[in-house]
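Peer 1: Any chance you can model this:
(2 chains)
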Amino acid sequence: MKKYTLAVLLCGIIADAGDFSPSMQNYISTLKSEAKQANSSFVDFDAKRGEQIFTSKHIGKKGDSISCTSCHGSNLTKNGQNATTNKIIKPLAPSVNKSRLTDTKEVQKWLRRNFKDVYNREGTALEKGDVLYYIQSK
Amino acid sequence: MYKKIMIPLILISVVYADDDRWVNRGDVAPVKNAVYIKECGSCHFAYQPGLLPQRSWTKMMGNLENHFDSDASLNDATTKYLANYLKANSAEKGIEYKRSRKILQSIRPNETPLRITQTRYFVNKHNEIPKKIITQKEVGSLANCAACHTTADNGSYSERAIKIPNYGAWKDD
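Peer 2: Residues are numbered from 1 along each chain as shown, chains lettered A, B, ... in the order given. A predicted model of the protein is given here:
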């Protein structure tokens, strides 16, 4: 029981330090090797580039000008709202919403769909990693 | 003598109870499936499967990559699971529910609507609402059931439970 509590506490500290969960670290590693394969000069993902990807507007799947912020808002610690359905989206920032960026399958699902919606194509490994660094920094 | 009376009585009560349930079961069977609520309800109101016929759900689940101009794709296992859930709870499976029955009756056999809002029953029920009430930001569109139907989550669309933002209750006449 004590060990368990300690483990939970440690996890909390690690998460507060802005690091990814173990399963997410695996996913980031995979993305890194893919990014390296695509471009041998790749060093690491970058939250600043991720911010640009997240906030810039593109002609999306609907044919309208859209960005990630159209639904998630520009302050990731606040609720967003689905631009089509008006449904509230809970904050993306892990600092206020602990469940964010913890489930790799969820992360992959949303990255696949949302790049299609905003960029009308899948994101590259570099783009996905940059965006994840950006969200994780919030 | 006693037996002779009791058996028909039991039979009558069974038939009666069945009939009663058919008439008063409610509007539409509520959603209880956690996977459906999570996967479909994260982007929009978790529409009760009993609001569309089986063929509509089958068509919809066959093209989640282009789901009303949005990519709603899921992995194969989840897609299959949810397609089965929708099929097993479609309007045909809930004709003891008033709204399921009426929506179903308003769809022609050669039609496969993908939007509940385009079924004849739905259109007739909502055609007197002023457009500005629908387009205001608290509502957005007629697809946003829960914006006005305060008990929509429980599958109840009774007029008494309507509360339109910045407008209030709704009376048909």
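Peer 1: Would you enumerate the residues in contact with A:P22?
Peer 2: Not one residue lies near A:P22 by CB atoms under 8 Å, 6 or more residues apart in numbering or on different chains. Heads up, the C-betas are built off the backbone N, CA and C, glycines and all.
Peer 1: Got phi/psi on it?
Peer 2: For A:P22, the backbone dihedrals are phi -50, psi -40 (criterion: degrees, to the nearest 10).
Peer 1: What does the pLDDT read for it?
Peer 2: Per-residue confidence (pLDDT) for A:P22: 92.
Peer 1: Just give the closest residue to B:K59, not the sequence neighbours.
Peer 2: Take B:K59 and drop its neighbours on the chain: the residue closest to it by CB to CB, 6 or more residues apart in numbering or on different chains is B:T112, 5.4 Å away.
Peer 1: you'd agree the one you found is up against B:Q54?
Peer 2: No - with contact defined as CB atoms under 8 Å, B:T112 does not count as touching B:Q54 (9.8 Å).
Peer 1: on that earlier part again, what's the neighbour count on the residue nearest to B:K59?
Peer 2: When counting by other CB atoms under 10 Å in any protein chain shown, one arrives at 16 neighbours for B:T112.
Peer 1: what kind of secondary structure is it in?
Peer 2: With DSSP: H, G, I helix; E, B strand; the rest coil as the basis, B:T112 sits in coil.
Peer 1: I'd like the distance between it and chain A.
Peer 2: 22 Å (CB to the nearest CB, to the nearest Å).
Peer 1: give the contact list for that residue.
Peer 2: B:53, B:55-56, B:59.
Peer 1: Could you list which of the residues you listed belong to helices?
Peer 2: B:55-56, B:59 (DSSP state H).
Peer 1: Now the buried members of those.
Peer 2: B:55-56 (16 or more other CB atoms under 10 Å in any protein chain shown).
Peer 1: Just name the closest of the ones in helices among the contacts of B:T112 to B:E159, please.
Peer 2: B:E159 has its nearest neighbour among those in B:S56, at 25.4 Å by CB to CB.
Peer 1: Quick check, pLDDT for the closest one.
Peer 2: B:S56 is given a pLDDT of 98.
Peer 1: Find the residue closest to residue 27 in space, skipping its chain neighbours.
Peer 2: You didn't pick a chain, so chain A it is. Excluding the flanking residues, the one nearest A:Y27 by CB to CB, 6+ apart is A:T104, at 4.8 Å.
Peer 1: Correction: the question concerned chain B.
Peer 2: Per CB to CB, 6+ apart, closest to B:D27 is B:R99, 4.5 Å.
Peer 1: what's near enough to touch the spatially most central residue of chain B?
Peer 2: Nearest to the mean C-alpha position of chain B, by CA atoms, centre = their mean, lies B:L51 at 2.8 Å. Residues in contact with B:L51 (CB under 8 Å, 6+ apart) are B:28, B:91, B:99-100, B:103, B:116.
Peer 1: ok, now with 7 Å
Peer 2: By CB atoms under 7 Å, 6 or more residues apart in numbering or on different chains, the contact list for B:L51 reads B:28, B:91, B:99, B:103, B:116.
Peer 1: Quick check, the fourth one in contact with B:S90.
Peer 2: In other words, B:I103. No - the criterion here is CB atoms under 7 Å, and B:I103 misses it with B:S90 at 10.5 Å.
Peer 1: Tell me where chain A is predicted with low confidence.
Peer 2: Along chain A, the parts satisfying pLDDT under 70 run over A:1-18.
Peer 1: those helices in chain A, which residues are they?
Peer 2: Under DSSP H, chain A gives helices at A:2-16, A:22-38, A:47-55, A:69-72, A:104-119, A:125-136.
Peer 1: I meant to write chain B there.
Peer 2: B:2-24, B:34-39, B:54-61, B:76-88, B:98-105, B:120-126, B:131-135.
Peer 1: And the residue nearest to the centre of chain B, how close does it get to B:R115?
Peer 2: The spacing between B:L51 and B:R115, counted by CB to CB, to the nearest Å, is 10 Å.
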